[in-house]
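Enquirer: sequence unknown, structure follows:
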Ligand SMILES: Nc1ccn([C@@H]2O[C@H](COP(=O)(O)OP(=O)(O)OP(=O)(O)O)[C@@H](O)[C@H]2O)c(=O)n1
Ligand SMILES: C[C@](O)(CO)[C@H](O)COP(=O)(O)O
């Protein structure tokens, strides 16, 4: 492991075991490449560069664990932290829970970061860790919602959905990762939720358990690669981003 001057010993879990159904046919999403490098490797490189991260736990598709291990062993960009690889589960929640078991014993702060957000700036990682280190139980990076959002009811026979109302956009935020937690808070949230909670992020599990979650500023570059057009945007961003952007 190459030396970086570490200021904390946080662990980061990287759920990477999804198929990427919305991206379409191909390799599991985390193994699809950007600039010739798997998305997962981009995400792990970013976490390894963060001064606060001592261990990264990659949660891989079970049948890909050996290949992912070999891929990360061969990458010089992931030398700044102790990188572990464990098999994932049936949904994101289960994958994160499996990753929690491999977090470093002495990590009091745990981040959860989607492999599907490969271009996250280091500054976002460090500001989430800093907010937890300053006392927050759970922290999410967010951006203001830019579209007008409508709440709709069930579609009618023609497939049209009746609009019910228009929430006040000024209090809505789109949530990204990494999300940061005091380790005990995240473990309790997963334990109490049990499997299959109808929740799409870890902060949601903390909310369900009655915990307090705070939001810090996210970054446009931390967007999630979900659909084919996102892959086009990610390739373009990778080709154009510069050291001046904080990478
Ligand atoms: N069983 C699962 C499902 C998802 N994930 C991870 O959770 C992150 C965010 O999920 P999402 O973008 O929804 O990925 P997929 O579930 O792969 O996408 P889709 O819903 O389109 O299949 C991804 O890094 C994905 O690999 C995981 O680790 N284990
Ligand atoms: C965790 C997350 O990326 C925050 O926006 C998101 O909730 C994952 O949701 P998905 O439906 O599994 O993509």
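Expert: Received the coordinates, thanks. Keep in mind that this is a model prediction, so the values were computed, not measured. Numbers count the residues shown, from 1 in each chain. Ligands and ions are numbered 1, 2, ... in the order given.
Enquirer: low-scoring stretches of the protein, by residue?
Expert: 1-3, 242-247 (pLDDT under 70).
Enquirer: Quick check: closest non-adjacent residue to the residue in it that ligand 1 sits nearest to.
Expert: Evaluated by CB to the nearest ligand atom, the chain has residue 18 as its residue closest to ligand 1, separated by 2.0 Å. For the C-beta atoms, the positions are set from N, CA and C on the backbone; glycine is no exception. Sequence neighbours aside, residue 29 is the residue nearest to residue 18 in space, at 5.7 Å (criterion: CB to CB, 6 or more residues apart in numbering).
Enquirer: how about the one you found, phi and psi?
Expert: Per-residue torsions, residue 29: phi -50, psi -40 (degrees, to the nearest 10).
Enquirer: now do residue 70
Expert: When quoted as degrees, to the nearest 10, the phi and psi of residue 70 stand at phi -60, psi -40.
Enquirer: quick one on the thing from earlier: residues touching the residue of the chain closest to ligand 1, list them.
Expert: By CB atoms under 8 Å, 6 or more residues apart in numbering, the contact set of residue 18 is 28, 29, 30, 61, 88, 92, 95, 116.
Enquirer: how about 7 Å then?
Expert: By CB atoms under 7 Å, 6 or more residues apart in numbering, the contact set of residue 18 is 28, 29, 92.
Enquirer: Over to residue 187?
Expert: With CB under 7 Å, 6+ apart, residue 187 has these contacts: residue 100.
Enquirer: Please tell me how far residue 38 sits from ligand 2.
Expert: 18 Å (CB to the nearest ligand atom, to the nearest Å).
Enquirer: Specify the beta-bridge partners of that residue.
Expert: Residue 38 forms beta bridges with residue 33, as assigned by DSSP bridges.
Enquirer: Pretty sure it sits against residue 31.
Expert: Yes - if you go by CB atoms under 7 Å, residue 38 and residue 31 touch, sitting 4.9 Å apart.
Enquirer: more crowded one of these two?
Expert: Taking other CB atoms under 10 Å, residue 38 and residue 31 do not tie; residue 38 has more neighbours (24 against 20).
Enquirer: any idea how far residue 15 is from the more buried one?
Expert: 15 Å (CB to CB, to the nearest Å).
Enquirer: quick one, strands of the protein?
Expert: Here the chain has its strands, by DSSP state E, at 10-15, 33-34, 37-38, 53-60, 82-87, 109-112, 138-144, 151-152, 163-165, 173-175, 179-182, 213-217.
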